[in-house]
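Student: Provided below are the primary sequence and the corresponding predicted coordinates.
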Amino acid sequence: MTRNEAEGDYKGCPLISFAALIKDSTTRKIIVESEWTFYYPEISFQEVRKYSGTILQKSGMNEEDYGRVLTFLLKHIILVPEEQFKVHIQEANKLLGKIDVNDVVFLALGLGIENSKIWSNDPHLHAQKKVKALKTEDVVKLFE
């Protein structure tokens with residue numbers, strides 16, 4: 001499936017990214033094997049680094065394997081500096097700031113990329129109507 005067939009770009013959320021790191025999963029397969037472009041706020045990538053100990057523990061990987069998997073996944077994900085979407089932070093904050101401040105940057109990034117979609121299972125991201133959000137099961141159907 002091409003990116004155009006999937007009707008746009010996808011951005012992950014921390015939970016999805018953690019799932020791709022913890023085990024060799026469908027999430028990882030989609031990130032690596034699809035022809036879609038994945039974007040991730042660079043500032044939120046600090047969360048992945050912050051929880052590396054938890055990821056190591058849950059995955060059973062050693063630090064070397066973890067580093068290899070992370071490097072491999074990052075070949076398929078574009079880390080976007082906040083400067084490129086900060087113009088949308090205020091609007092995203094109005095929509096999500098009182099619900100989940102951590103997801104504001106994902107919505108702001110989505111607002112800044114035309115025809116993008118957010119890949120997330122968080123109900124509040126599905127409740128907002130500015131950027132379409134897809135659950136993992138929806139992304140899997142598009143991938144198959």
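Tutor: Nice, I can see it.
Student: just the CA coordinates of the longest helix along the chain, formatted as CSV?
Tutor: Using DSSP state H to define each element, the chain has its longest helix at helix 63-74. Provided in CSV are the C-alpha atoms of helix 63-74 (Å, rounded to 0.1, in the frame of the first residue of the first chain):
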residue,chain,number,x,y,z
GLU,A,63,21.1,-2.0,26.0
GLU,A,64,23.0,-3.0,22.8
ASP,A,65,19.9,-4.6,21.2
TYR,A,66,17.7,-1.7,22.4
GLY,A,67,20.1,0.7,20.7
ARG,A,68,20.0,-1.3,17.5
VAL,A,69,16.2,-1.5,17.4
LEU,A,70,15.8,2.2,18.2
THR,A,71,18.3,3.2,15.5
PHE,A,72,16.5,0.9,13.0
LEU,A,73,13.1,2.4,13.8
LEU,A,74,14.4,5.9,13.5
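Student: From the contact counts, what lies against that helix?
Tutor: Applying 3 or more C-beta pairs under 8 Å, 6 or more residues apart in numbering; DSSP states H and E, one finds that helix 63-74 contacts helix 14-22, helix 26-33, helix 52-59. Where you see a C-beta, it was placed from the backbone N, CA and C, and this is true even at glycine.
Student: quick one: buried residues of the last one?
Tutor: Residues of helix 52-59 classed as buried: 55-56, 59 (neighbour count, 16 or more other C-beta atoms under 10 Å).
Student: same thing with stretch 111-128?
Tutor: 111-113, 116-122, 125, 128.
Student: For residue 39, pull up the helix or strand it's in.
Tutor: strand 38-41 (DSSP states H and E).
Student: Walk me through which strands that strand pairs with, and which way each runs.
Tutor: In the sheet, strand 38-41 lines up against strand 10-11 (parallel), strand 77-80 (parallel) (DSSP bridges).
Student: contacting residues for the residue nearest to residue 103 when sequence neighbours are not counted?
Tutor: By the measure of C-beta to C-beta, 6 or more residues apart in numbering, the closest residue to residue 103 outside its immediate chain neighbours is residue 96, 5.3 Å from it. With contact set as C-beta atoms under 8 Å, 6 or more residues apart in numbering, residue 96 has these partners: 103-104, 107, 124-125, 128.
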